[in-house]
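**Student:** can't give you the sequence, but here's the structure:
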């Protein structure tokens, strides 16, 4: 069973078509990269999956239920693009609050803090933390409930290369050891290599849904940047 | 609704407040200072302070909690934390009630300080029941919080939220019977004042202060205020939308 299935999804906002007849499926236990330039509809797609976005048409099934179903709220972990945490609380206080919301306790909160490599920062106020640390606190809030599906909106943007590598390793662990399905959005194409599958969005249309290797084969390109350019060029030339 | 999640939310809001020492100081000290100033201004006519001080003990929590809650909730909406919370198992009612509880606690502390100063230092006449006086003050605080939560849906920034304070509170202040008795207003204004919760708070406080025993009207006043707070919380929770355009 696919973790996510979308058929003919259309989202319009203020007269603009943000997502245009999108069809896709995300396999369970995979790390899927949702890639595309800024403004291509990545955030809107993630908001559809958590049930926060009104949509015009199409069916969206998440973990076997329609997106936005109340039972899904227990099974989802979601981080928004701007770290949505309380800056006037400590790291641990933020994570413990989310732990309680998901029926977990202090031990789970400390574990989540350790998994994002902030074990020594439990009593640090979030407003006294660096941008990279704040986004990891936000990530820990999403991890703490042991969700079956993690939807992460640009979690690695603006972070240094070492931290980015560590986070991708964490995503891999979550998928391989806990069977978690992850959808990770990014506008940085060189992160694509970390993913099992890639979804490429451009101007609200899905232009590829493939593995990284499959994408290279299909386009005949030698790296993912070229493959992406190839796809965009093909899209603009009417067949 | 889940009591554990409601309490966790109240605890979280209180933890945030605890870090904000300046806000706590303002909320607790300011009403005491204003009461003292009020007494000094009317030093020549001592009866005015005795007449109006009890009612002010209801006006302060309503105004201050309205302001704090509307700003805090606009902050939740604009920072993305609200959108995130609404994707978790937290119920809308848990969120509203959690806020109401947290600010109710703050209001209790404020009420204790303000009535302590009024009774102990400023010579306000002892009311028929001090606990009931505090209860009315706390009910007004919860009402103020609930109104603030509702109004936060109409404001897109903290800047706008602050502008709603005179719009929501000042008409109530004018019509509640504090400035002039409701019986001396034009008939239609008296009618309007009957749907204004602050009227019942002022009425209840005055009756407590000026009769030797608790008259049953005071309990009805309290029921009306609490009822308005519940209605405002329910209406406020409808402004929390899990799905937006």
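**Tutor:** That came through, no problem. It should be emphasised that the depicted structure is a prediction, and the values quoted were computed from it without experimental measurement.

**Student:** For chain B, give me its nearest residue in chain A.
**Tutor:** Chain A approaches chain B most closely through residue A:84 (3.7 Å), counting by Cβ to the nearest Cβ. Any C-beta I mention is one placed from the backbone N, CA and C, and that applies to glycine too.

**Student:** so what's the closest residue in space to that residue that isn't next to it in sequence up against?
**Tutor:** Distances taken as Cβ to Cβ, 6 or more residues apart in numbering or on different chains put residue B:80 closest to residue A:84, at 3.7 Å, once the chain neighbours are dropped. Counting by Cβ atoms under 8 Å, 6 or more residues apart in numbering or on different chains, residue B:80 touches A:80, A:82, A:84.

**Student:** again, but for residue A:59
**Tutor:** Contact analysis of residue A:59 by Cβ under 8 Å, 6+ apart lists A:5, A:6, A:7, A:8, A:9, A:66.

**Student:** Can you verify the second one is assigned to a strand?
**Tutor:** I take that to be residue A:6. Yes: Residue A:6 forms part of a strand when assessed by DSSP: H, G, I helix; E, B strand; the rest coil.

**Student:** List the beta-bridge partners for the residue lying closest to residue A:5 once chain neighbours are set aside.
**Tutor:** Distances taken as Cβ to Cβ, 6+ apart place residue A:61 nearest to residue A:5, at 4.4 Å, with adjacent residues excluded. Counting by DSSP bridges, residue A:61 forms beta bridges with residue A:5, residue A:66.

**Student:** contacting residues around residue A:61?
**Tutor:** Here residue A:61 is in contact with A:2, A:4, A:5, A:6, A:67 (criterion: Cβ under 8 Å, 6+ apart).

**Student:** Helix, strand or coil: sort out the residue of chain A closest to chain B for me.
**Tutor:** Assignment for residue A:84 (three-state DSSP): coil.

**Student:** so after whichever strand or helix holds residue A:167, what's the next helix or strand?
**Tutor:** Residue A:167 belongs to helix A:161-178 when elements are defined using DSSP states H and E. Per DSSP H and E, the first helix or strand lying C-terminal to helix A:161-178 is strand A:181-186.

**Student:** Run the chain-centre distance for that next one.
**Tutor:** With Cα atoms, centre = their mean, to the nearest Å as the basis, strand A:181-186 stands 3 Å off its chain's centre.

**Student:** List the buried residues of the longest helix seen in chain B.
**Tutor:** Longest helix in chain B by number of residues, with DSSP state H as the criterion: helix B:46-79. Across helix B:46-79, burial judged by 16 or more other Cβ atoms under 10 Å in any protein chain shown covers B:49-50, B:52-77, B:79.

**Student:** among the contacts of residue A:59, which two are most distant?
**Tutor:** A:8 and A:66 (14.4 Å; Cβ to Cβ).

**Student:** Output the set of residues of chain A in proximity to chain B.
**Tutor:** Selection of chain A residues close to chain B by Cβ under 8 Å from any Cβ of the partner chain yields A:13, A:50-54, A:68, A:73-74, A:76, A:78-80, A:82, A:84-86, A:88-89, A:93, A:97-98, A:100-103, A:125, A:141, A:145.

**Student:** and the end-to-end length of stretch A:201-210?
**Tutor:** Separation of the first and last residues of stretch A:201-210 by Cα to Cα, to the nearest Å is 12 Å.

**Student:** got the phi/psi numbers for the residue of chain B found nearest chain A?
**Tutor:** The minimum distance from chain B to chain A, using Cβ to the nearest Cβ, falls at residue B:80 (3.7 Å). Dihedral angles phi and psi of residue B:80 (degrees, to the nearest 10) take the values phi 90, psi -10.
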